[in-house]
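**Q** mind folding the following:
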Amino acid sequence: MSFFTGLFSNRAKLGVALVTLLLFFYLVVSGQRGWLLLTSDEIPAKLMGLAYLVLPVVGAWALIRELMFGNRTEQMARILAEEGRLPVDDLPRTPAGRIVREAADAQFPQYKAETEAAPEDWRSWFRLSCAYDAAGDRTRARRTMRQAGRLYAGTRNQPGA
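**A** A predicted model of the protein is given here:
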């Protein structure tokens with residue numbers, strides 16, 4: 001069983017769609033309120049309206065960026081699954097279902113060495129990201145997955161990739 005098995009299930013996609021819809025609703029309402037304040041005659045209200053309009057722009061940017069990240073991660077996971085190269089999730093777990101950190105730490109050097117040996121291979125970065133995630137380092141896992149995504153995007157249009 002891989003780290004990403006079930007991660008992109010229909011249930012997860014439904015959750016993403018619901019959160020996206022709620023965020024979109026929030027962005028529309030805050031944009032409307034911003035416009036109402038911007039059309040006011042008072043300077044402080046206009047400044048607040050301008051600030052209200054900045055929030056939806058930043059929110060929309062963040063939403064689009066995260067949706068693209070998720071889509072690209074799903075594409076990479078699908079390719080690795082088809083190739084049979086997704087990391088196997090066979091690490092021991094605590095009674096609460098969390099991966100035993102020591103076991104994840106013991107596997108980590110293998111993925112790090114693989115990435116150091118092939119730093120231009122998005123597949124190795126993807127697997128390293130899974131190792132960071134298993135070890136509980138979510139910040140490095142996301143950073144590493146973004147690197148895998150950049151490499152994937154760069155090789156996607158090359159012949160034989």
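**Q** quick check: buried residues in the helix or strand that Ala131 is a member of?
**A** In the assignment (DSSP states H and E), Ala131 maps to helix 122-134. Neighbour-count burial for helix 122-134, counted by 16 or more other Cβ atoms under 10 Å, picks out 122-134. Quick note: C-beta positions are derived from backbone N, CA and C, even for glycine.
**Q** for the record, mean pLDDT for the top helix by length along the chain?
**A** Looking across the chain with DSSP state H, the single longest helix is helix 43-83. When pLDDT is averaged along helix 43-83, the result is 90.
**Q** and stretch 100-118, how far from the chain's centre?
**A** Distance of stretch 100-118 from the chain centroid (Cα atoms, centre = their mean, to the nearest Å) equals 21 Å.
**Q** contacting residues around it?
**A** 87, 91-94, 121, 124-125, 127-128, 130-132, 134-136 (Cβ atoms under 8 Å, 6 or more residues apart in numbering).
**Q** list the buried ones in the helix or strand just after the longest helix of the chain?
**A** Sequence-wise, the next helix or strand downstream of helix 43-83 (DSSP H and E) is helix 101-117. Applying a neighbour-count criterion of 16+ other Cβ under 10 Å, the buried positions in helix 101-117 are 104, 107-108, 111, 114-115.
**Q** okay, these in CSV with pLDDT and distance to Leu23 next?
**A** CSV is the format used below for these (pLDDT from 0 to 100; distance: Cβ to Cβ, whole Å):
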residue, pLDDT, distance to Leu23
Ala104, 87, 32
Gln107, 88, 36
Phe108, 89, 35
Tyr111, 93, 34
Glu114, 95, 37
Thr115, 96, 34
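**Q** mind giving me JSON lines with the buried residues of helix 122-134 and columns for distance to Thr144?
**A** Below are the buried residues of helix 122-134 laid out as JSON lines (distance: Cβ to Cβ, whole Å):
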{"residue": "Trp122", "distance to Thr144": "11"}
{"residue": "Arg123", "distance to Thr144": "12"}
{"residue": "Ser124", "distance to Thr144": "10"}
{"residue": "Trp125", "distance to Thr144": "6"}
{"residue": "Phe126", "distance to Thr144": "8"}
{"residue": "Arg127", "distance to Thr144": "9"}
{"residue": "Leu128", "distance to Thr144": "5"}
{"residue": "Ser129", "distance to Thr144": "4"}
{"residue": "Cys130", "distance to Thr144": "9"}
{"residue": "Ala131", "distance to Thr144": "9"}
{"residue": "Tyr132", "distance to Thr144": "6"}
{"residue": "Asp133", "distance to Thr144": "9"}
{"residue": "Ala134", "distance to Thr144": "12"}
